[in-house]
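S.K.: sequence and predicted structure below; questions after.
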Amino acid sequence: MTAAKAQAEAPAPMERSVPRAGWLVVAGKEFADHLLSVRFFVLLLVLGLAAGIPLFLAAERIRSLASEVSGAQAVFLALFIIGPQDVSIFGLDVSVQGFIGLAAPLLGIAFAFDAVNGERAQGTLPRLVAQPIHRDDVINGKFVASLAAITLVLLAVVLLISGFGLLRLGIVPQWAEVLRLGLWFLVTVVYVALWLAFGLLISVVIRRAATAALVGFGIWMLIAMFGRFIVNLLLGAFAPVSSSAPVDQTLSTFQLHDFVLRLLPTTLYNEASSVLLNPSLTQTSTPATVGQLAQVQQQVPTLLALDQSLLLVWPQVVALLALSVICFAIAYVRFMGEEVRA
Amino acid sequence: MSAAAAPAASPRKATPEAPIVTAGLTKRYGDLTAVDNLDLELRRGEIFGLLGQNGAGKTTTILMLLGLTEPSGGTARVIGLDPARDALRVKRQVGYLPDSVGFYGDLTGRQNLRYTARLNGLQGAGAEATIESVLEHVGLLDRADTPTETYSRGMLQRLGIADALVKDPEILILDEPTAAIDPIGVVEILDLLRQLVRERGVTILLSSHLLTQVQSVCDRVGIFASGRLIGLGTVAELATRFGNDTGRVEVSFEGEQATAAAGRIGPTLSALDHVESVDAPAQPTDPWTLVVKPASAGRAVREAVLAVAARESLGLTAIRSTEASLDEIYRAALKQTGLQQADRDTAAEATDPEGSD
């Protein structure tokens, strides 16, 4: 006992080195905090419901579908894209994919809205930045920790759904489907990262956590729930589609609509997500010319190869990535420029 | 505290230069000059008080010393390093207690300190032993494993000092260490600071607007107003410089007689030669303070008081010359440097808790 004590009290080698990766220490602490927090429980609940409800409602339909199209390429992915036929919430399809697309931004904001202003309110920020770490280690570590927590649960949910499909419905995925699922997962993580970065931004800019939460969820609601509706309303007013117009003109109007809707990150994600999960989707845009329109109408229904699907939504994926980077960069710059004092 | 538990009084390699040196250090926010041409030099192992009212530039100075904000001009050297360029190495060796320090409320005191240790690259048994010893040092060992949200303000402040000690710093920078703490807590903290200097040989720079509170603990003080250092030295030196050539004599009387003669004592003392004014105590048994001018007349006044006491048959219990309080020095310094106008509004509440004007 005394020997052990003496050993413990032996002068520690106080090499005056600073931690090599301060962000890792911050991330470790934040991640541990997340796992024990109320919001992690909410995250489990929300993603669990997002996966459970559609699966529960659509299981029958998937089963019948599976027997119909047995041998087809993408039955396994139907687990994620097929919802019950007659149910819809806010006009969104009640599939796993749709639900997760809806919940991801919510979780992103919930895990970041008080990241910086919370430290400020607690009075821990001055203490934190006075430690031998770079100032950006704080914001980087928090970002990584939140993303890791959400990704972890998201991964668990996707694997659970897959397991459910394998065991209860007897659907076995093919390699191409696994790859598609993996890519969809990555895109979803990028989408979560976008909203996390946005949450981080409001947590830097808005001093009070409660205000930040309200603003964050308000903007989420504006974009995710009413975004499409508002944009359509505006487009209807400024660039209406008239039935009497020539086809050429109608098509170009539709193209304009496509473009404007794609300014919303929700549209970008939904397009990327549907195409990646559903090989039978062969286009995301309205045809540009009458000739293309005719081509589409004569098209034989077909399944796209994975690389073709990826090619189709590559712009959307890049745009999502760019938006995430921009959001994070603004938050980063604002945080680095802030005065430390309370 | 046993000698074994006394935290790593590790022999420091003697650095020849002063732990903190600034030359012409300046910080401007737009038109406002928060710190104006600060020249400061701290000696190894001293407690230096940076004193001034709120908004005088104390915190800005501290932030520049820690590399948390860039100076607009001039240089600072902390343990021989430029904090603006070498912030990480400076922060590794300087413990900092921020103004109104906060902790993660859902973590225990020990967990909070463990996080700080890890941020300083300390882990494992060595770090745990250090945490244990600093917690013992500040007297929080029995509450170390309760969440900090249950701590009182004074305990948080002591935990803050422990937090600054975890990295075994050469310099401690404490921003308002005694603000918002009850009188007993203040005494505890000041004792702790003295002990730290004695046992660990750290150099302490503390800032405060509660001048009288920290007066006793500081080896030297710098008086700060509107970003400028208007006085630097020991309290006695400053008293001589700004004291208007006045001195102070404290007189205490025997309890019963003092109570009985309370009305008579004041006029009698005021009538003595060289006595400028007399401060009556709130309780008749507490010491009376006589302001003496010129300061050199202290001895004469003491003798006069003895004579008067004998004549009036008042029993004296104590009589001694004392130093001017920092509050008075501060006000005199402000007046002499013509800076009080700009800061009067904050000065009133910051330096005048007793309303003794």
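M.R.: Noted; the coordinates are in hand.
S.K.: from chain B, how far out is A:G101?
M.R.: Between A:G101 and chain B the computed distance is 32 Å (C-beta to the nearest C-beta, to the nearest Å). C-beta coordinates here come from the backbone N, C-alpha and C atoms, glycine included.
S.K.: and that residue, what does it touch?
M.R.: A:188, A:191, A:266, A:269-270, A:273 (C-beta atoms under 8 Å, 6 or more residues apart in numbering or on different chains).
S.K.: in which helix or strand would I find it?
M.R.: Assigned by DSSP states H and E, A:G101 belongs to helix A:96-110.
S.K.: what's the burial count for the closest residue to chain B within the stretch 151-300 of chain A?
M.R.: The minimum distance from the stretch 151-300 of chain A to chain B, using C-beta to the nearest C-beta, falls at A:A209 (13.7 Å). Applying other C-beta atoms under 10 Å in any protein chain shown, we find 20 residues neighbouring A:A209.
S.K.: contacts only, for it.
M.R.: A:113-114, A:117-118, A:121, A:203 are the contacts of A:A209 under C-beta under 8 Å, 6+ apart.
S.K.: farthest-apart pair in those residues, please.
M.R.: A:F113 and A:A121 (12.3 Å; C-beta to C-beta).
S.K.: for the two, indicate the residue with more neighbours.
M.R.: Neighbour totals were compared for A:F113 and A:A121, and A:F113 leads with 27 against 16 (other C-beta under 10 Å).
S.K.: got a list of what the closest residue to B:A180 other than its chain neighbours touches?
M.R.: Leaving aside its sequence neighbours, B:A180 sits nearest to B:R153 (C-beta to C-beta, 6 or more residues apart in numbering or on different chains; 5.6 Å). By C-beta under 8 Å, 6+ apart, the contact set of B:R153 is B:180-181, B:185.
S.K.: surely A:W195 is in contact with A:W220?
M.R.: Yes. A:W195 is within contact range of A:W220, at 7.4 Å (criterion: C-beta atoms under 8 Å).
S.K.: got phi/psi on B:V251?
M.R.: Backbone torsions of B:V251, given as degrees, to the nearest 10, read phi -130, psi 130.
S.K.: whether the helix or strand B:V90 falls within contacts chain A - can you check?
M.R.: For B:V90, the element it lies in under DSSP H and E is helix B:87-93. Yes. Judged by C-beta under 8 Å from any C-beta of the partner chain, helix B:87-93 and chain A are in contact via B:88-89, B:91-93.
S.K.: so what's the residue count around A:Q295?
M.R.: The tally of other residues near A:Q295 (other C-beta under 10 Å) stands at 11.
S.K.: same thing with A:V313?
M.R.: Around A:V313 there are 23 residues (other C-beta under 10 Å).
S.K.: so it makes contact with A:N270?
M.R.: No. The pair A:V313 / A:N270 is not scored as a contact, 10.4 Å apart, by C-beta under 8 Å.
S.K.: and the one helix or strand A:N270 maps to, what's its mean pLDDT?
M.R.: Element membership for A:N270 (DSSP H and E) is helix A:265-277. The pLDDT scores in helix A:265-277 average 87.
S.K.: report the angle between the axes of it and helix A:96-110?
M.R.: Angle of helix A:265-277 versus helix A:96-110, following axes from the mean of the first three to the mean of the last three C-alpha atoms, to 10 degrees, is 140 degrees.
S.K.: which stretches of the chain have low pLDDT?
M.R.: In the absence of a named chain, this looks at chain A. For chain A, applying pLDDT under 70 flags the ranges A:1-19, A:62-63, A:65-74, A:83-94, A:288, A:301, A:341-342.
S.K.: to clarify, I was referring to chain B.
M.R.: In chain B (pLDDT under 70), the answer is B:1-16, B:244, B:284, B:338-357.
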